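> With the input below, show me the fold.
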Amino acid sequence: MVNKDNKYTNMQKNAYAGGTTNHEEHNLNPDYWEILLGDLQDKEKWDGKVALDFACGKGRNITNMFNLCDWKRICLIYVIGKE
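Below you'll find the predicted structure:
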């Protein structure tokens, strides 16, 4: 349960009130490709597989994963709660 009086919660709400970017500048970091998505370099290993992404952004990782491998599908998990 989110406490609406929590200082951290309020700080986060204010920080993201105007929205966010897709953080495409992170694509320029070689560690993103070599560490986070490094296992996907062996593309044939992932052909026809199902990927699972716990969504915490606007879909940059899913777009990159989709372009790297021939997935059966990519499933997106969102957690929606009440305040």
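> make it CA atoms for all contacts and neighbour counts henceforth
OK.
> I'd guessed Asn10 sits against Tyr16; true?
No. Using C-alpha atoms under 8 Å, Asn10 is not in contact with Tyr16; the gap is 10.1 Å.
> got the contact list for Gly38?
Tyr32 (C-alpha atoms under 8 Å, 6 or more residues apart in numbering).
> Go again with 10 Å.
When contacts are counted by C-alpha atoms under 10 Å, 6 or more residues apart in numbering, Gly38 touches Pro30, Asp31, Tyr32.
> Could you do Leu37 as well?
Going by C-alpha under 10 Å, 6+ apart, the list of residues near Leu37 reads Asp31, Asn61, Asn64, Met65, Leu68.
> now Ala17
Ala17 touches Met11, counting by C-alpha under 10 Å, 6+ apart.
> So for it, what's the pLDDT?
At Ala17, the pLDDT value in this model is 79.
> now it: how far from Met11?
The gap separating Ala17 from Met11 is 10 Å, by C-alpha to C-alpha, to the nearest Å.
> Helix or strand: which one has Ala51?
strand 50-54 (DSSP states H and E).
> That strand packs against which elements?
helix 60-68, strand 73-77 (3 or more C-alpha pairs under 10 Å, 6 or more residues apart in numbering; DSSP states H and E).
> Including mean pLDDT, distance to Trp46 and mean neighbour count, could those go into a markdown table?
Formatted as a markdown table, the helices and strands packed on strand 50-54 follow (pLDDT from 0 to 100; distance: least, C-alpha to C-alpha, whole Å; neighbours: other C-alpha atoms under 10 Å):
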| stretch | mean pLDDT | distance to Trp46 | mean neighbour count |
| --- | --- | --- | --- |
| helix 60-68 | 91 | 9 | 15 |
| strand 73-77 | 88 | 11 | 13 |
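> Brilliant, that's me finished.
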